[in-house]
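# structure of the sequence below:
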Amino acid sequence: MASQPSLSDLRRAKYARRLPAALSELAGPEHATVSLPLHLAWSGLTTFDLDQPRLRMSYYRIVLAEGQHDDLARYLHHGLLVSLWPILRTLLSRDVRDVWERSFDELAHRARAAA
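The predicted structure follows:
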């Protein structure tokens, strides 16, 4: 009898299906005030000034947790994600963090360098 996948395994598979093929696909804004659609920011703030560090972290946390493949490419920026990763990873669920670090060596390296 095959064992059932854990809830964590199911969540990780869901997040992995959303990932871009490469971080370079993340072509979102670096500096702007961005309004996220309701399917992403369904509770609380919907508009974020990316030049304000706290708002930028909240924005990235929301998009990483809630975004589909196209959302990730549209709203995240490769360079910002990599630079924010050492702190941002501590604000994410373990499942989101592990999927991104297993898929992208650049993020895993940044996490190890900051430890």
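# look at the closest residue to P5 other than its chain neighbours and say how many residues are nearby.
Spatial nearest neighbour of P5, chain neighbours left out: A13 (7.7 Å); criterion: CB to CB, 6 or more residues apart in numbering. For the C-beta atoms, the positions are set from N, CA and C on the backbone; glycine is no exception. For A13, the count of nearby residues is 12 (other CB atoms under 10 Å).
# and what of the one 5 residues further on?
R18 is surrounded by 16 other residues when neighbours are defined as other CB under 10 Å.
# tell me the pLDDT of the nearest residue to it once chain neighbours are set aside.
Nearest non-adjacent residue to R18, counting by CB to CB, 6+ apart: H69, 4.9 Å away. pLDDT for H69: 96.
# shouldn't H69 be in contact with L19?
Yes. With contacts counted by CB atoms under 8 Å, H69 reaches L19, the gap being 7.2 Å.
# more neighbours: the two, which one.
Per other CB under 10 Å, whichever of H69 and L19 has more neighbours is L19, with 16 against 13.
# next, work out how far apart that one and E101 are.
11 Å (CB to CB, to the nearest Å).
# do the same with L36
24 Å.
# quick one on the thing from earlier: for the helix or strand hosting the residue nearest to P5, what is the distance to the chain centroid?
Following DSSP states H and E, one finds A13 within helix 7-18. In this view, helix 7-18 has its centroid 13 Å away from the chain centroid, taken as CA atoms, centre = their mean, to the nearest Å.
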